[in-house]
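Enquirer: how would this look folded up:
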Amino acid sequence: MGNPITVSKDLSRTAYDHLWMHFTRMSSYENSPVPTIVRGEGAYIYDDKGKRYIDGLAGLFVVQAGHGRAELAETAAKQAQELAFFPVWSYAHPKAVELAERLAGYAPGDLNKVFFTTGGGEAVETAWKLAKQYFKLIGKPTKHKVISRAVAYHGTPQGALSITGLPGLRTPFEPLVPGAHKVPNTNIYRAPVHGDDPEAFGRWAADQIEQQILFEGPDTVAAVFLEPVQNAGGCFPPPPGYFQRVREICDRYEVLLVSDEVICAFGRLGTMFGCDKFGYVPDMITCAKGLTSGYSPLGACIVSDRLAEPFYRDGNVFLHGYTFGGHPVSAAVALANLDLFERENLNQHVLDNEAAFFSTLRKLHDLPIVGDVRGNGFFYGIELVKDKNTKETFNEEETERILYGFLSKALFDNGLYCRADDRGDPVVQLAPPLISTQETFDEIEQILRATLTEAWTKL
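Expert: Predicted coordinates:
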């Protein structure tokens, strides 16, 4: 038995000693302080020394309603006093029932069944498992494979990681779940064909899904997993007509279309679900993050009545679940968060201001290091390049030196919390709380301009 630990007032040192941070190079903090955030208010966060930063990533694409919402905290406390926990394993509790009905009401088409999880990766895992068992129940047991896009991120569980299209994240954990196959994404900035014709490029990209289904054999493919706007690689919106063509292909070969909306749902694009923004109805929606604005963890897989039907007869059981899925406190917070969405009309606020945010960020095009600015709603990526004319990207050494060695820390030091990443090509990603205004956009642009200008001098 180890010695009891006394919590130190030096949170930074204690963090290095005991807190294993996620997706983090722990060695980088051996001799430097761990950034420690102690509170938030609106679109801003504050560290343990009192310094203020713009939360340019809404935590992790999560804090839609902004920080410091007392009503959400109070809702959590009230629910914890009344019923802190009970599972939804063969039992119900009122908040899970109410939230399931509410989500079914928001979802398009006949997506009326809600399977709760505690996060997005679990929702993706749920969707693949459900697809596999569904086809077994209807007598098509060979349909088990999934298709997703290159550079796409779908989560860290073994199944979700198999669907993820980022080799660097997958390699340490191989062998993964077999049957996950990749097709090109919708990055028109680096399109191999039709780079000057968005509609033709969208048709081509969608047709790659059909070709992969035919290559694998339609009788072996269960589902296609796509984000409305792909996150990894830096916010790839769909070209015109892309999802309509994908829907046609999925219907033709009896393949399920899963809309992975862990980031894109709940106002990030200005609609309750991202599929609404682009006019398609999937067979399942996976969601999490903004459902509670981060005030309590919760995810969900929303399923069409057609897919649920075999599970609702003949004593069949979906042999899957999570202890904390549909947690009473989280469900109560989600309901209060959705009330807040409607009362403050947050979706419309995003629709009314997305063009202003985009045009503010596009001012950065005059910088030699900025190759592309793209995205939708309050969700944008800025791709960094070494040569604007040729679109030449950084080499490995330059990425390490500029992106990780300078830019990530410099942006934060200059008052902007965001993501500088090279999952794909080097990008800076922005997804501030949905309450953000032009004042926030201008402040983000000014910090980016100063920091990116300095970064260029270090190439």
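Enquirer: Spell out the residue ranges of the strands in the stretch 351-459 of the chain.
Expert: For the stretch 351-459 of the chain, applying DSSP state E, counting those that start in this stretch gives strands covering 370-376, 379-384, 416-417, 419-421, 427-430.
Enquirer: Nearest to Thr390 among these would be which one?
Expert: Each of those has some distance to Thr390 by CB to CB; the shortest is strand 370-376, at 9.8 Å. Quick note: C-beta positions are derived from backbone N, CA and C, even for glycine.
Enquirer: Just checking: what are the partner strands of the closest one?
Expert: In the sheet, strand 370-376 lines up against strand 379-384 (antiparallel) (DSSP bridges).
Enquirer: all strands for the stretch 1-150 of the chain, in order.
Expert: In the stretch 1-150 of the chain, the segments counted as strands under DSSP E, counting those that start in this stretch are 37-41, 44-47, 52-55, 111-117, 145-149.
Enquirer: one step back: got the strands of the stretch 351-459 of the chain as JSON lines, with mean neighbour count columns?
Expert: Formatted as JSON lines, the strands of the stretch 351-459 of the chain follow (neighbours: other CB atoms under 10 Å):
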{"stretch": "strand 370-376", "mean neighbour count": "22"}
{"stretch": "strand 379-384", "mean neighbour count": "27"}
{"stretch": "strand 416-417", "mean neighbour count": "21"}
{"stretch": "strand 419-421", "mean neighbour count": "21"}
{"stretch": "strand 427-430", "mean neighbour count": "25"}
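Enquirer: weakest of those strands in terms of mean pLDDT?
Expert: Sorting those by mean pLDDT places strand 419-421 lowest, at a mean of 89.
Enquirer: Please name every helix or strand in contact with that strand.
Expert: Judged by 3 or more CB pairs under 8 Å, 6 or more residues apart in numbering; DSSP states H and E, strand 419-421 is in contact with strand 427-430.
Enquirer: Who are the packing partners of the strand it packs on?
Expert: Using 3+ CB pairs under 8 Å, 6+ apart: strand 427-430 touches strand 379-384, strand 419-421, helix 438-456.
Enquirer: coming back round to it: can you tell which of the strands of the stretch 1-150 of the chain is closest to Asn185?
Expert: Closest approach to Asn185 among these (CB to CB): strand 145-149, 4.2 Å.
Enquirer: Can you dump the C-alpha atoms of the closest one in CSV for me?
Expert: Output of strand 145-149 as CSV, limited to C-alpha atoms (Å, rounded to 0.1, in the frame of the first residue of the first chain):
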residue,chain,number,x,y,z
LYS,A,145,-18.1,-4.1,-42.6
VAL,A,146,-18.1,-0.3,-42.4
ILE,A,147,-16.8,2.5,-44.6
SER,A,148,-15.5,5.8,-43.4
ARG,A,149,-13.2,8.6,-44.7
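Enquirer: Are there helices or strands packed against it, and which ones?
Expert: By 3+ CB pairs under 8 Å, 6+ apart, strand 145-149 packs against helix 158-163, strand 180-183, helix 198-216, strand 221-226.
Enquirer: Could you tell me how far it lies from the centre of the chain?
Expert: Relative to the centre of its chain, strand 145-149 is centred 17 Å away, using CA atoms, centre = their mean, to the nearest Å.
Enquirer: repeat for stretch 125-133
Expert: 19 Å.
Enquirer: so who does Arg102 touch?
Expert: Arg102 makes contacts with Leu335, Leu338, as judged by CB atoms under 8 Å, 6 or more residues apart in numbering.
Enquirer: Which pLDDT value belongs to it?
Expert: For Arg102, the model assigns a pLDDT of 98.
Enquirer: Below-threshold pLDDT in the stretch 301-450 of the chain: ranges please.
Expert: Nowhere does the stretch 301-450 of the chain drop to pLDDT under 70.
Enquirer: Excluding covalently adjacent residues, which one is nearest to Cys275?
Expert: Once flanking residues are discounted, Cys275 sits nearest to Ser259: 4.7 Å by CB to CB, 6 or more residues apart in numbering.
Enquirer: centroid residue for this structure?
Expert: Ile263 (3.0 Å; CA atoms, centre = their mean).
Enquirer: So that one: helix, strand or coil?
Expert: When classified by DSSP: H, G, I helix; E, B strand; the rest coil, Ile263 comes out as coil.
Enquirer: where in the stretch 1-150 of the chain is pLDDT low?
Expert: 1-9.
Enquirer: cutoff 50 now
Expert: Where the stretch 1-150 of the chain drops to pLDDT under 50, the residues are 1, 4-7.
Enquirer: can you pull out the helices in it?
Expert: 11-18, 58-61, 70-82, 94-106, 120-137 (DSSP state H, counting those that start in this stretch).
Enquirer: Between the ones you listed, which one is closest to Val333.
Expert: Among the helices of the stretch 1-150 of the chain, if distance is taken as CB to CB, the winner is helix 70-82, at 5.2 Å.
Enquirer: Would you mind listing the buried residues in that closest one?
Expert: Within helix 70-82, the residues scored as buried using 16 or more other CB atoms under 10 Å are Leu72, Thr75, Ala76, Gln79.
Enquirer: ok, back up a step: thought Gln230 was touching the residue nearest to the centre of the chain, still the case?
Expert: No. Using CB atoms under 8 Å, Ile263 is not in contact with Gln230; the gap is 9.4 Å.
Enquirer: State the distance from Ala331 to Ala265.
Expert: Using CB to CB, to the nearest Å, Ala331 is found at 16 Å from Ala265.
Enquirer: Of these two, give the one with the bigger neighbour count.
Expert: Ala265 (31 against 28; other CB atoms under 10 Å).
Enquirer: which residues touch the nearest residue to the more buried one once chain neighbours are set aside?
Expert: Take Ala265 and drop its neighbours on the chain: the residue closest to it by CB to CB, 6+ apart is Cys287, 4.2 Å away. Taking CB under 8 Å, 6+ apart, we find Cys287 in contact with Gly120, Ala123, Glu261, Val262, Ala265, Phe266, Phe273, Gly299, Ala300, Ile302.
Enquirer: picking up where we left off before, quick one: closest of the helices and strands packed on strand 427-430 to Ala160.
Expert: When the helices and strands packed on strand 427-430 are compared by CB to CB, strand 419-421 sits nearest Ala160, at 18.7 Å.
Enquirer: quick one on the thing from earlier: give me the number of neighbouring residues for the nearest residue to the residue nearest to the centre of the chain once chain neighbours are set aside.
Expert: Nearest-residue entry for Ile263: Phe61, 4.4 Å, with adjacent residues in sequence omitted and distances by CB to CB, 6+ apart. Look at Phe61: counted by other CB under 10 Å, it has 23 neighbours.
Enquirer: same question, Asp207
Expert: 14.
Enquirer: repeat for His181
Expert: By other CB under 10 Å, neighbour count at His181 equals 18.
Enquirer: now do Ile302
Expert: Neighbours of Ile302 using other CB under 10 Å come to 28.
Enquirer: And for Ile447?
Expert: 21.
Enquirer: residues in contact with it?
Expert: Ile54, Leu411, Asn414, Gly415, Leu416.
Enquirer: and what of Val38?
Expert: By CB under 8 Å, 6+ apart, the neighbours of Val38 are Tyr46, Asp47, Asp48.
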